[in-house]
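Engineer: Provide a 3D model corresponding to the input given below.
(one chain, ligands or ions: 1)
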Amino acid sequence: MARPVNSIDNIRANSIRDDESGCLLYMGSLDKDGYPRISLQGKKGIGSRVVYEQHYGAIPAGHEIDHICHVRRCVEPTHLRLLTHQENVIYIKAYMEKREQRIKHLIDTYPQVTSFPVVLTLPELQALWACTCTANVKQLLQTMGRAFPEEFCYERLKERQGRNPDLYAIGIQPSLIDTLSNEDKLRVMPAEDLMTLVA
Ligand SMILES: [Zn+2]
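Structural biologist: Model (predicted):
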């Protein structure tokens, strides 16, 4: 395994510029998830975090570094941005794709959802989206609402009571169908990345 590098110049010397994307691809050692492992001034860490701190200053607590280019080994400072963990979950590409597939599946199953709200129980949503637990369904609804605030809305109509499960109303603007199909064309994602990111 390559020895960890110890200066910004070394990081650059160990990287190759991709002219097409502008990415600076780190060719040194990577961690199991494909992120550069960099050791700088005695601090070990993920390359994107180290490079970000060198260029823009300390990363505030509760924040993460997102690759705008979605290339994990990229250490180009202008391809990095600061996000809160919550924002990062909205943007991570694999999650985005999985989430969008689930919205499409909802629209395919209930085409009327773009005209008026569809009322579904929590277990029905869980089955529809093949979620492992109902907590994931709630999380998913929340993230979908945050990702498409104008186009995806949901409301809990009734809280679970005894044997009656939670009841949700979901409404989708027809424009979301266009948004989703346009985003498809912009993305190419290797299948193995999807497998590791989407449980
Ligand atoms: Zn990049």
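Engineer: which residue is the nearest non-sequential neighbour of residue 23?
Structural biologist: Leaving aside its chain neighbours, residue 23 sits nearest to residue 74 (4.1 Å; criterion: C-beta to C-beta, 6 or more residues apart in numbering). The C-beta positions use only the backbone N, C-alpha and C, and glycine is treated the same way.
Engineer: now swap in residue 76 and tell me
Structural biologist: residue 24 (3.9 Å).
Engineer: residues touching that neighbour, list them.
Structural biologist: Residue 24 sits next to 12, 15, 16, 17, 18, 74, 75, 76, 79 when contact means C-beta atoms under 8 Å, 6 or more residues apart in numbering.
Engineer: and with 10 Å instead?
Structural biologist: Neighbour list for residue 24: 11-12, 14-18, 47, 51, 69, 71, 73-79 [criterion: C-beta atoms under 10 Å, 6 or more residues apart in numbering].
Engineer: now the buried members of those residues.
Structural biologist: 11, 14, 15, 47, 51, 69, 71, 73, 74, 75, 76, 79 (16 or more other C-beta atoms under 10 Å).
Engineer: how much space between the first one and the ion?
Structural biologist: Distance, residue 11 to the ion, using C-beta to the ion, to the nearest Å: 14 Å.
Engineer: is that residue in contact with residue 28, as I believe?
Structural biologist: Yes. Contact criterion C-beta atoms under 10 Å: residue 11 and residue 28 qualify, at 7.9 Å.
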